[in-house]
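Asks: Have a look; sequence and predicted model below, questions after that.
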2 protein chains.
Amino acid sequence: MSEQGEFAVSPSIGGRHREIPEASVARLPVYLRALSGLAEAGHVTVSSEGLASAAGVNSAKVRKDLSHLGSYGTRGVGYEVDELVHHISNALGLTQRWSVVLVGVGNLGHALAGYGGFATRGFRIAGLVDADPSRVGEQVAGLTVRGIDELSEVVRTGDVSIGVIATPAGAAQEVCDLLVEAGVTSILNFAPTVLQVPDGVDLRKVDLALELQILSFHENRKSGVPAAMSS
Amino acid sequence: MSEQGEFAVSPSIGGRHREIPEASVARLPVYLRALSGLAEAGHVTVSSEGLASAAGVNSAKVRKDLSHLGSYGTRGVGYEVDELVHHISNALGLTQRWSVVLVGVGNLGHALAGYGGFATRGFRIAGLVDADPSRVGEQVAGLTVRGIDELSEVVRTGDVSIGVIATPAGAAQEVCDLLVEAGVTSILNFAPTVLQVPDGVDLRKVDLALELQILSFHENRKSGVPAAMSS
DNA sequence: ACGCGTTCGTGAACGCATTCACAAAGTCGA
DNA sequence: TCGACTTTGTGAATGCGTTCACGAACGCGT
């Protein structure tokens, strides 16, 4: 009874393990971070419950999420921390090193360039680029700022696939187009504006003002409606 | 036939207009920004289709979202830009000015303090706080950095309801607890760690490393599975 | 005044994500 | 070896968000 058919998907080459839902993908980095903490604290194994509380979610979600990677837990025991770190890193593609170009070296750009999270998680800053000629040549975080006209070259010679936009809103779409044209296929946008990208290019955004406004909504709700004081 | 019945919900006092779904709330700031652009470009009215393309979503979503605020569109015409800005601002609680305390004046903290998005959208930085004694007294963005021991006082005297955490990961939970204890009810966390807050406190996070890892996943998928690379 | 074209507002259908709940599979002590 | 206990992995149920599709309402030109 070798029931191959639809379950015999090779977990190795080609098709990982089905598709991992987007919502799960977004939580994997959180698990990874929680597991690092647990490993440092000396835990060899961890249960879904333990990982859940470290990651700030519930255990059912942890089990569902991890089940998308394969069956790496042991019933009655839990998950081996090191092994899980390896599998998650693998699923996220963190076993290989990705190169990043950072465009816009203003206040925020400086902070990002100096941010430790790049290097520690396998991301390499292949170049810093800015449109302001007075900034070109400046040394930031051990790198020399280059002109926007060199962006294409930086992307090609540095094997860059990820672009980070930290420019003012007005310049963001133009920079985005240049990045795409140069061959970048993933973009992280910090500029407070909506960007258009062609199919095949992944775009994520980080938006401070937006987050504050969402908090404002909830604050407003709290102060406006002092609980369920109807009746 | 004055069909009142269930449509005669007062949109003024008390119960706004039912509950606005979280997903809609998260898009309202985007609409607001798109509308600002449209207003500057001279548009007096805008259709759901027009707003949708400016905001990077589809028109059905726009109409559904806006319907939660009330019926402010005109069939056959669209929405009046100014009026819509007003209603969205109102729903988000942006007609009143919220005070913010920023904890952690490192690289990122500097960038945040200098970020224009605070002031331009009705948020006031009531104080900058840092635990490092060598930073206390320093002038940043026109404000004097104060010690962490003054946090509680800053919150109270400044009528602060929102706290922004831009400290290293190790200090974040402690700072978070202090903020909550001081009376802050909304927290925006930039530190790469999971925070625990009691019920009644809203928590949002902005996490660069997490975003990069999600992009990494998609890059990995793209390079691993050349997929439908037709013609 | 009236019909035509446009666009909103919304019930219904659909799909994705979360949660529930439990059988299966393992550990561990006696 | 065996039985009690723990914890995973996963179908099923539920809930939330998105999309569809269309009636209702409005402006405008004639």
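Replies: All right, it came through fine.

Asks: In chain A, which helix is the longest?
Replies: In chain A, ranked by residue count with DSSP state H as the criterion, the top helix is helix A:22-40.

Asks: now the strands for chain A?
Replies: A:45-46, A:73-74, A:78-80, A:98-103, A:123-130, A:139-140, A:143-147, A:160-165, A:186-189, A:202-205 (DSSP state E).

Asks: Dump these to JSON lines, plus mean pLDDT.
Replies: Shown next, in JSON lines, are the strands of chain A (pLDDT from 0 to 100):
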{"stretch": "strand A:45-46", "mean pLDDT": "98"}
{"stretch": "strand A:73-74", "mean pLDDT": "97"}
{"stretch": "strand A:78-80", "mean pLDDT": "97"}
{"stretch": "strand A:98-103", "mean pLDDT": "98"}
{"stretch": "strand A:123-130", "mean pLDDT": "97"}
{"stretch": "strand A:139-140", "mean pLDDT": "96"}
{"stretch": "strand A:143-147", "mean pLDDT": "98"}
{"stretch": "strand A:160-165", "mean pLDDT": "98"}
{"stretch": "strand A:186-189", "mean pLDDT": "98"}
{"stretch": "strand A:202-205", "mean pLDDT": "98"}
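
Asks: and the one helix or strand in chain A whose mean pLDDT sits lowest, anywhere near chain B?
Replies: The least trusted helix or strand in chain A, going by mean pLDDT, DSSP states H and E, turns out to be helix A:117-120, with a mean of 78. Yes: for helix A:117-120, a contact with chain B is found by Cβ under 8 Å from any Cβ of the partner chain, at A:Gly117, A:Phe118, A:Thr120. Heads up, the C-betas are built off the backbone N, CA and C, glycines and all.

Asks: Which residue is the nearest non-sequential neighbour of the second one?
Replies: In this case it means A:Phe118. A:Ile125 (5.8 Å; Cβ to Cβ, 6 or more residues apart in numbering or on different chains).

Asks: beta partners for the one you found?
Replies: A:Val100 (DSSP bridges).

Asks: contacting residues for it?
Replies: By Cβ atoms under 8 Å, 6 or more residues apart in numbering or on different chains, A:Ile125 lies in contact with A:Ser99, A:Val100, A:Val101, A:Leu102, A:Ala113, A:Phe118, A:Ala119, A:Ala141, A:Leu143.

Asks: Which among those residues count as buried?
Replies: A:Ser99, A:Val100, A:Val101, A:Leu102, A:Ala113, A:Phe118, A:Ala141 (16 or more other Cβ atoms under 10 Å in any protein chain shown).

Asks: Which one of the residues you listed is nearest to DNA strand D?
Replies: A:Val100 (28.4 Å; Cβ to the nearest atom of the strand).

Asks: For the least confident helix or strand of chain A, give me every contacting residue.
Replies: Under Cβ under 8 Å, 6+ apart, the answer for helix A:117-120 is A:Val100, A:Leu112, A:Phe123, A:Arg124, A:Ile125, B:Pro192, B:Leu208, B:Ala209, B:Leu212.

Asks: returning to what we had before: can you give me the distance of the residue nearest to A:Phe118 to DNA strand C?
Replies: Distance, A:Ile125 to DNA strand C, using Cβ to the nearest atom of the strand, to the nearest Å: 31 Å.
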